[in-house]
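[1] Give the three-dimensional model of this entry:
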Amino acid sequence: MTRIWTFLKSASLALGLAQPVAAADATVAVAANFLTTAQALVGAYEAETGHDLRLAHGSTGRLYAQIVNGAPFDVFLSADAARPEALKVGGNAIAQKTYAVGELVLVARTPGLYRPEDVLKGQRVAVANPAVAPYGEAAVEALAALGVFEKEFDLILGDSVGQAASFLATGNTDVAFLAASQLPMLDPGLTAFGLSGLYTPVRQDAVLMARGDANPAARGFFEWLGSAPAQEIIRLSGYSVPE
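    The predicted structure follows:
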């Protein structure tokens, strides 16, 4: 995260920290895999605008369910595109756009193995629950592409990709399917395997909720996600950004 904060400091000085006449506040729901990056984005946005943003985080599926049931979120940073689309179609959201594209990786403690298939077999493997977490869905696709079946390893489901990372960090598992953006926060002695081409790219979409339409803090943040400073923070965090 050092590179991100160095960038934020430089960007803030260049912008002169211009403040709006009237500051507002809003609540942003963010998928677990994107939490650290969202915190950096919120810090930069608040410094630039004077608005105040609160973050609520969890798995994409659980945040979606909370929104459908009336949770007071103004912006939703999902880890997929399907649920934002459903919110827009259902009238809960009024605008939608892709803010990042995530990468799935397989992370393991076992040294001396060079193929993901070999790393998985006979191990306790942490995977985000595919019913509620898009990175879990991507992991299921990758397992099928690798030809590795559940009976060949011990599956440990986490509520989110963040919890899957926690299982690995605490030693409850020796292998985990994670987002590449989480790698800087893990033990550098771990081995990470890229899985490009084995799963559908994890397109992460944001939506401006109907309740946030008239809120300058919410609308401003939603629009600011496409700005050069925001996209640089996202790239530095290990994501691709839409062209």
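[2] Show me what counts as buried in stretch 28-46.
    For stretch 28-46, burial by neighbour count (16 or more other CB atoms under 10 Å) applies to 28-38, 40-46. Glycine gets a C-beta too; all of them are placed from N, C-alpha and C.
[3] Give me the buried stretch members for stretch 131-145, please.
    132-139, 141-143.
[4] pLDDT and secondary structure for those residues - can I get that in a markdown table?
    A markdown table is the format used below for the buried residues of stretch 131-145 (pLDDT from 0 to 100; DSSP: H, G, I helix; E, B strand; the rest coil):
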| residue | pLDDT | secondary structure |
| --- | --- | --- |
| 132 | 93 | coil |
| 133 | 94 | coil |
| 134 | 95 | helix |
| 135 | 96 | helix |
| 136 | 96 | helix |
| 137 | 96 | helix |
| 138 | 97 | helix |
| 139 | 97 | helix |
| 141 | 97 | helix |
| 142 | 96 | helix |
| 143 | 95 | helix |
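[5] May I see those residues organised as CSV, with distance to residue 115 added?
    Converted to CSV, the buried residues of stretch 131-145 look like this (distance: CB to CB, whole Å):
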residue, distance to residue 115
132, 29
133, 25
134, 25
135, 21
136, 22
137, 23
138, 19
139, 17
141, 18
142, 13
143, 14
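[6] Show me what the longest strand anywhere in the chain is packed up against.
    Across the chain, the longest stretch assigned as strand under DSSP state E is strand 93-102. If you count contacts as 3 or more CB pairs under 8 Å, 6 or more residues apart in numbering; DSSP states H and E, strand 93-102 packs onto helix 82-89, strand 202-209, helix 228-236.
[7] Quick check: the gap between residue 89 and residue 74.
    19 Å (CB to CB, to the nearest Å).
[8] more crowded one of the two?
    residue 74 (25 against 10; other CB atoms under 10 Å).
[9] wait, what's in contact with the closest residue to that one other than its chain neighbours?
    Leaving aside its sequence neighbours, residue 74 sits nearest to residue 212 (CB to CB, 6 or more residues apart in numbering; 3.1 Å). Counting by CB atoms under 8 Å, 6 or more residues apart in numbering, residue 212 touches 26, 73-75, 218-219, 222.
[10] Thanks a lot, see you next time.
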